[in-house]
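Asks: following is a predicted model, sequence given first.
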2 protein chains.
Amino acid sequence: MKELNPLLHSQLRLAVMSILMNVEEADFVYLKEKTESTAGNLSVQLDKLSSAGYIVVDKGFVGKKTRTVCRVTEQGRDAFEEYVEALKSYLNI
Amino acid sequence: MKELNPLLHSQLRLAVMSILMNVEEADFVYLKEKTESTAGNLSVQLDKLSSAGYIVVDKGFVGKKTRTVCRVTEQGRDAFEEYVEALKSYLNI
DNA sequence: GTCATATGGTTTATAAAATAAACCAATTTA
DNA sequence: TAAATTGGTTTATTTTATAAACCATATGAC
């Protein structure tokens, strides 16, 4: 049986990647709301995705407020798609 | 976003369930080979699935040798299908 | 102005999970 | 009959996920 990329096989990280696959970019606050996660947990999981090169995290400012924006990378896209294919073999779809 | 049943969102347990969804029954040795897991890990995960009522584990004999046979329950089937539906919403499929 | 609260996070501690290692009983094989 | 194999279980270890505590800046109430 195919391996399920453990970095993607995690509810929160998968949710983040799933969102990012469908939008140009998403910021921390949006991801937090959409995924209904705590800030701490989200921060940690974004770091992991970022360290793996699956997303880029851009810390900038809007006026005086910080704004952390995330985008999926090509590598992340590939990994996600591979993960989906692997999963399909488990789900009979 | 939908919750992903944590009992099923685990590679090994999902693999076991996936196999059991497609066969009448499967024994410990077969599951171990198919999933390429260690006996200890498999034993633990089968217990969890069994405690949740997702599978039944039947410990019997074939001649003098023990034989542990597993089957998915109706409850397990339902949970699996719900999990698949939830996952789909993450995968864009 | 300054005190309290909110916003947008990060870091660290804790809880839970997965996994492997050690073990056990029975059986086979040499 | 001693050693190895089979079919597991139990327990210890490692990894992971999650939450709690914290920090800096900003904003609003008085």
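Replies: Arrived safely, thanks for sending.
Asks: okay, CA-based contacts and neighbour counts for the rest of this
Replies: Will do.
Asks: enumerate the residues of chain A near DNA strand C.
Replies: A:27-29, A:39-44, A:59, A:65-68 (C-alpha under 7 Å from any atom of the strand).
Asks: what do you get if the cut-off is 6 Å, keeping everything else the same?
Replies: A:28-29, A:39-40, A:43-44, A:65-68 (C-alpha under 6 Å from any atom of the strand).
Asks: of those, select the buried ones using a PyMOL command.
Replies: This is how PyMOL selects the buried members of the residues of chain A next to DNA strand C, with burial counted by 16 or more other C-alpha atoms under 10 Å in any protein chain shown:
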select buried, chain A and resi 28+68
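Asks: near DNA strand D too, which of the residues of chain A next to DNA strand C?
Replies: A:40, A:44, A:65.
Asks: check which helix or strand covers the second one.
Replies: Following DSSP states H and E, the helix or strand that holds A:Val44 is helix A:39-51.
Asks: which strands and helices sit next to that helix?
Replies: Judged by 3 or more C-alpha pairs under 8 Å, 6 or more residues apart in numbering or on different chains; DSSP states H and E, the packing partners of helix A:39-51 are helix A:11-20, strand A:55-62.
Asks: what about it, average pLDDT?
Replies: Helix A:39-51 shows a mean pLDDT of 97.
Asks: just give me how far stretch A:66-85 sits from the chain centre.
Replies: 6 Å (C-alpha atoms, centre = their mean, to the nearest Å).
Asks: now do that stretch: distance from first to last residue.
Replies: 37 Å (C-alpha to C-alpha, to the nearest Å).
Asks: hmm, who's touching it?
Replies: Residues outside stretch A:66-85 that contact it (C-alpha atoms under 8 Å, 6 or more residues apart in numbering or on different chains) are A:4-5, A:8, A:17, A:20-21, A:24-28, A:53-61, B:91.
Asks: need the buried ones from those selected in PyMOL.
Replies: Entered in PyMOL, the line below selects the buried ones among the contacts of stretch A:66-85, by 16+ other C-alpha under 10 Å:
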select buried, (chain A and resi 4+5+8+17+20+21+26+27+28+54+55+56+57) or (chain B and resi 91)
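Asks: what is the three-state secondary structure of A:Val69?
Replies: With DSSP: H, G, I helix; E, B strand; the rest coil as the basis, A:Val69 sits in strand.
Asks: what about it, how many neighbours?
Replies: By other C-alpha atoms under 10 Å in any protein chain shown, 18 other residues sit near A:Val69.
Asks: now it: closest residue in space that isn't a chain neighbour?
Replies: A:Asp27 (4.1 Å; C-alpha to C-alpha, 6 or more residues apart in numbering or on different chains).
Asks: residues contacting the one you found?
Replies: A:Asp27 touches A:67-70, counting by C-alpha under 8 Å, 6+ apart.
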